[in-house]
Structure formats: structure tokens, C-alpha cells
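*Asks:* here is the input, now give the coordinates:
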Amino acid sequence: MNTLEGETAPVLSLKDWVISLIISVIPLIGIVMLLIWAFSDNINPNKKNWARGMLILYVIGIALYFVFIVLFMGAMMSGAGGFESM
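*Replies:* Have a look, this model is predicted:
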């Protein structure tokens with residue numbers, strides 16, 4: 001961290017958090033802004049950590065989505081093969 005021990009970052013107001021949340025849910029723009037907030041040096045450390053956490057959750061969600069798609073497609077192909085043998 002760039003802050004010295006005992007030095008604190010300014011508190012983000014409720015308005016700042018609401019604006020950040022609204023921006024983060026806009027398709028494409030939200031992802032770009034999360035990347036900017038997560039990896040920029042001049043961003044409040046609280047927002048920076050929140051953006052990094054959101055990006056981690058997005059990656060986990062996308063990975064789970066692909067796992068379920070593969071499992072669902074496997075089940076569908078398995079079921080389709082069962083009907084052909086009847």
C-alpha cells in the first residue's frame with residue numbers, strides 16, 4: 001500500500017458509492033471502469049479494493065457459468081443419445 005502507517009484514506013460518501021454502483025452495472029462501461037478503478041494509482045484505496053473484489057467475483061461467476069453450460073450440454077447430449085437407441 002502507498003499509505004503510511006497511521007495515515008487513512010478519505011471516506012467515500014454515500015453519493016460516491018451509489019454513483020460507483022450505478023456505473024459498475026452498465027454493460028461494458030462497468031467492466032472498463034472496474035478495471036480502471038482496480039489498477040489505477042490515484043484512486044481511493046477503498047474503491048480500489050472494492051473494484052478488485054468485484055472483478056474477482058465476475059471471474060468466478062463466468063467460470064461457474066461455463067462449468068454449468070458444459071455440464072448441461074453434456075446432459076443434453078447424453079439424453080439425446082438415449083432417445084436414438086430406442
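*Asks:* how many residues are close by Lys47?
*Replies:* Number of residues near Lys47 (other Cβ atoms under 10 Å) recorded here: 18. For the C-beta atoms, the positions are set from N, CA and C on the backbone; glycine is no exception.
*Asks:* that should have said Val25, apologies.
*Replies:* 8.
*Asks:* again, but for Val59
*Replies:* 10.
*Asks:* now swap in Gly53 and tell me
*Replies:* 12.
*Asks:* next one: the helix or strand containing it to chain centre, how far?
*Replies:* Element membership of Gly53 [criterion: DSSP states H and E] is helix 45-84. With Cα atoms, centre = their mean, to the nearest Å as the basis, helix 45-84 stands 13 Å off its chain's centre.
*Asks:* and that helix, average pLDDT?
*Replies:* Taken as a whole, helix 45-84 carries a mean pLDDT of 90.
*Asks:* and it, what's buried?
*Replies:* For helix 45-84, burial by neighbour count (16 or more other Cβ atoms under 10 Å) applies to 47-48, 50-51, 54-55.
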